[in-house]
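[1] structure, please.
(one chain, ligands or ions: 2)
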Amino acid sequence: MLKLGVPSKGRLQEETIRWFAARGVELARVGGEREYRGMVEGVDGVELVLISAGEIPGELLAGRLHLGVTGQDLIRERLPRWQDRVDELAPMAFGRADLVVAVPAFWVDVRDMGDLDAAAGAFRARHGHRLRVATKYHHLVRSFFEHHGVADYQLVDSQGATEGTVKNLTAEAIADITSTGSTLRDNHLRILDDGLILQSEATLFLSKAATWGAPETAALDALRTRLGLENAPAE
Ligand SMILES: Nc1ncnc2c1ncn2[C@@H]1O[C@H](COP(=O)(O)OP(=O)(O)OP(=O)(O)O)[C@@H](O)[C@H]1O
Ligand SMILES: O=P(O)(O)OC[C@H]1O[C@H](OP(=O)(O)OP(=O)(O)O)[C@H](O)[C@@H]1O
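    Ligands and ions are numbered 1, 2, ... in the order given. Below you'll find the predicted structure:
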């Protein structure tokens, strides 16, 4: 069977179900609300696996899922050399969010990453420790800062309510996902002019590590036809 992983809850779940339904593929939970098994109607040979969006990258990497729906940000953060591990079969035009670097709005002299670099040096001289950047996107943030030549900082892990870390004095800057911008605004933070790390959207990914035997390949072909993805890259 071809295993298709879709978010079991959270913001991506409903829109994923709607996206497949709009293309004639019904994803349905088997049993009750808390049962994480499902059925795929409309294509033979596909088994539905309901799992958190954050776990789907790891399952694709391990080859336990053949296909999975999750955010591009989560794939890029969690899979080193992600292009070698998965193919992007279809961007889905929802779950859109930007991963950005933001600083306190009152830091009027810090407009871009170059200014942040200068501020980080001054911060260390004054406070005796490095400027702290709170995020859960450790890999993406490290490589973005490196790309901009900013080294004099430290990452602080924040798995939620990241924008609050500045007010709570556990960080001086943050890197997090924003969509409407209201959380940043409410917490008096401003995005740096060149602080866009990544634009993300929900995407249907294909695992290169999964076993692609004849039944799975046939199911993939049928699913692609149904979804109108015949021209997507081959696995
Ligand atoms: N406003 C937003 N805030 C956070 N993530 C968003 C937003 N809009 C879209 N996303 C995307 O949604 C995905 C995360 O979804 P969600 O928070 O439901 O998953 P999760 O991290 O697995 O959650 P949980 O751990 O609660 O299951 C990410 O790819 C993220 O880019
Ligand atoms: O730009 P906005 O529309 O305001 O959305 C951005 C916020 O939404 C997410 O938080 P989430 O709701 O996932 O809670 P979290 O802080 O626990 O991650 C994200 O981490 C931001 O905090």
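[2] which one of the residues in this protein is closest to ligand 1?
    Gly71 (1.7 Å; CB to the nearest ligand atom). Every residue, glycine included, has its C-beta placed from N, CA and C.
[3] next, the buried residues of the helix or strand of the chain with the lowest mean pLDDT.
    Of all helical and strand segments in the chain, the minimum by mean pLDDT, DSSP states H and E falls on strand 37-41, at a mean of 86. For strand 37-41, the neighbour count (16 or more other CB atoms under 10 Å) marks 38, 40 as buried.
[4] please identify the buried residues of stretch 144-157?
    144-145, 148, 150, 152-153, 155-156.
[5] do the same with stretch 106-123
    107, 110, 113, 115-117, 119-121, 123.
[6] now do stretch 201-213
    202-207, 209-210, 212.
[7] between the residues you listed, which is closest to Trp82?
    Minimum distance to Trp82 across the buried residues of stretch 201-213 is 9.0 Å, recorded for Phe205 (CB to CB).
[8] tell me if that closest one really is in a strand.
    Yes: Phe205: assigned to a strand according to DSSP: H, G, I helix; E, B strand; the rest coil.
[9] is it true that it touches Leu60?
    Yes: the pair Phe205 / Leu60 is scored as a contact, 5.8 Å apart, by CB atoms under 8 Å.
[10] list residues touching both of these two?
    68, 75, 86 (CB atoms under 8 Å, 6 or more residues apart in numbering).
[11] which of these lies closest to ligand 2?
    Using CB to the nearest ligand atom, the shared contacts of Phe205 and Leu60 come closest to ligand 2 at Ile75, 17.1 Å.
[12] enumerate the residues of this protein near ligand 2.
    Contact residues, the chain versus ligand 2 (CB under 6 Å from any ligand atom): 160-163, 176-183.
[13] before we move on, the earlier item: and the buried residues of stretch 144-157, which two are furthest apart?
    Largest pairwise distance in these, by CB to CB, is 18.7 Å, between His148 and Val156.
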